[in-house]
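Student: A predicted structure for the sequence below; I have some questions about it.
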Amino acid sequence: MILSNPRGFYIVGNDTYDNKLLALAACKKDQEIRWYFYDEVYSQLDWTKRPQGNLKDLYKQRAQQLRDQYDYLVLHFSGGSDSWNILNTFLSNGIHLDEIYTRWAKAERKFVNSNRYNKEEWNIGSEFEFAVLPVLEKIRKSYPGINIVIDDYSEEYTKKVKEDQFLKSDQFQMIGTFFRYTRRSEQEISAEKDNKKIGIIMGYEKINCIVENGDFYAYFADGIGGVNIDFKRTIEPFYWSPNFTSLPVLQAHCIKEYFENYGLDKTLLYRDIYKKICYSDYDINTFQVDKFVGTMLSKSESWILKYNSLHVDSWRWSLEQMLKVIDDRFKLKKNVVVGLKQIKSRKYLIKKNCGLPNFYYYGHNAFPKL
């Protein structure tokens with residue numbers, strides 16, 4: 001039995017898995033799969049009780065908890081609202097980060113130019129120039145004690161994808177996903193050699209909300225990225241931790257209160273609603289493009305075919321083999337298969353008879369409940 005995993009684990013029959021691909025492959029047509037995300041912790045909470053304080057208070061407490069727990073603390077920074085809010089929490093409260101780590105394949109610029117005005121998915125690489133670099137440049141000047149790492153992983157695309165590497169992609173089966181999380185800085189390697197306790201902070205994931213029969217619920221979904229690795233480091237989801245349970249509860253209450261006060265607007269993306277409510281200091285004008293629809297296809301990676309077709313071909317082969325053994329009910333289709341469906345946790349009641357119509361917010365988008 002798997003007792004602990006920062007990303008939860010899966011139960012199929014009497015077996016447990018910490019890898020979604022292996023779990024789905026083992027799930028027969030007459031079986032169900034369950035995602036177990038610290039149920040024994042979150043089910044003990046009274047989610048109907050609003051935690052004291054405000055979100056900024058809890059963000060600060062969570063940041064200090066991590067600082068006190070680790071010798072070498074690394075934030076994986078993408079320039080998006082989730083990781084920006086974490087970075088701002090540490091800096092604005094004077095809590096030290098040892099390292100800010102960001103990644104980008106610079107070889108992309110040989111085939112695709114950056115574009116400040118195009119917000120389509122294929123242009124996600126431009127977020128590095130227009131959302132990441134401006135922040136890092138300010139930090140270099142104001143916080144010289146923070147190690148800033150920009151990891152160019154272009155070299156990884158010159159290699160053939162091995163089957164075991166593809167399996168490590170786990171939640172996201174896109175090209176190169178596995179090595180985005182297995183690479184690390186020289187300073188982190190040095191910290192490991194010195195037997196320091198290393199914590200890697202990730203900005204995923206968002207609490208999901210649903211109204212059923214007039215009752216407001218919150219739940220988790222298994223879109224947490226990252227892979228299981230052998231380094232002496234601990235992955236720390238900032239917002240979803242069994243060691244700091246009040247944060248997702250308060251976020252859910254804030255979202256409920258917003259809908260009660262202002263009503264539902266199903267024309268808005270959930271991520272935009274979430275930013276407004278949960279990341280009040282975030283600049284909504286920060287350059288961000290549309291996010292990919294599924295977990296395995298991204299228009300932004302089409303340049304890799306020109307860079308090294310062998311990498312793409314070997315990835316496609318592994319993808320095809322995986323899809324052959326996974327039941328169709330777990331596949332997300334938009335004319336073609338674009339990913340694997342998320343698996344939800346149990347629901348936690350926030351408020352009975354909330355007065356809102358039935359709906360659910362799922363992932364990035366807002367959908368009316370049918």
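Tutor: It's in.
Student: what's the nearest residue to the spatially most central residue of the chain if we skip its chain neighbours?
Tutor: Within the chain, one residue has its C-alpha closest to the average C-alpha position: by C-alpha atoms, centre = their mean, that is Tyr204, at 3.2 Å. Spatial nearest neighbour of Tyr204, chain neighbours left out: Ile224 (5.1 Å); criterion: C-beta to C-beta, 6 or more residues apart in numbering. Heads up, the C-betas are built off the backbone N, CA and C, glycines and all.
Student: am I right that the one you found falls within a helix?
Tutor: No - assigned with DSSP: H, G, I helix; E, B strand; the rest coil, Ile224 falls outside any helix and is coil.
Student: ok, it - contacts?
Tutor: The contact partners of Ile224, by C-beta atoms under 8 Å, 6 or more residues apart in numbering, come to Pro6, Arg7, Gly8, Gln171, Met202, Tyr204, Glu205, Pro237, Trp240.
Student: and Gln173, by the same measure?
Tutor: Contacts for Gln173 were tallied using C-beta under 8 Å, 6+ apart; they are Leu21, Phe166, Thr295, Met296, Leu319, Met322, Gly339, Leu340.
Student: how near is it to Gln52?
Tutor: Between Gln173 and Gln52 the distance, using C-beta to C-beta, to the nearest Å, works out to 41 Å.
Student: go on, Ser78?
Tutor: When distance is defined by C-beta to C-beta, Ser78 is 31 Å away from Gln52.
Student: looking at the two, which one has more neighbours?
Tutor: Between Ser78 and Gln52, counted using other C-beta atoms under 10 Å, the more crowded position is Ser78 (19 against 9).
Student: hang on, the more buried one packs against Val132?
Tutor: Yes - using C-beta atoms under 8 Å, Ser78 is in contact with Val132, at 7.1 Å.
Student: so what's in contact with those two at the same time?
Tutor: Contact criterion C-beta under 8 Å, 6+ apart; residues shared by Ser78 and Val132: Thr102.
Student: let me see the ranges of the helices in this structure.
Tutor: Assignment of helices within the chain using DSSP state H yields the ranges 20-26, 39-42, 55-69, 81-92, 126-127, 133-142, 163-167, 177-182, 186-193, 246-262, 270-278, 303-307, 309-325.
Student: could these go into CSV alongside distance to Glu32?
Tutor: Formatted as CSV, the entries for those read as follows, by distance: least, C-beta to C-beta, whole Å:
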stretch, distance to Glu32
helix 20-26, 11
helix 39-42, 15
helix 55-69, 34
helix 81-92, 31
helix 126-127, 38
helix 133-142, 43
helix 163-167, 22
helix 177-182, 26
helix 186-193, 39
helix 246-262, 25
helix 270-278, 26
helix 303-307, 36
helix 309-325, 17
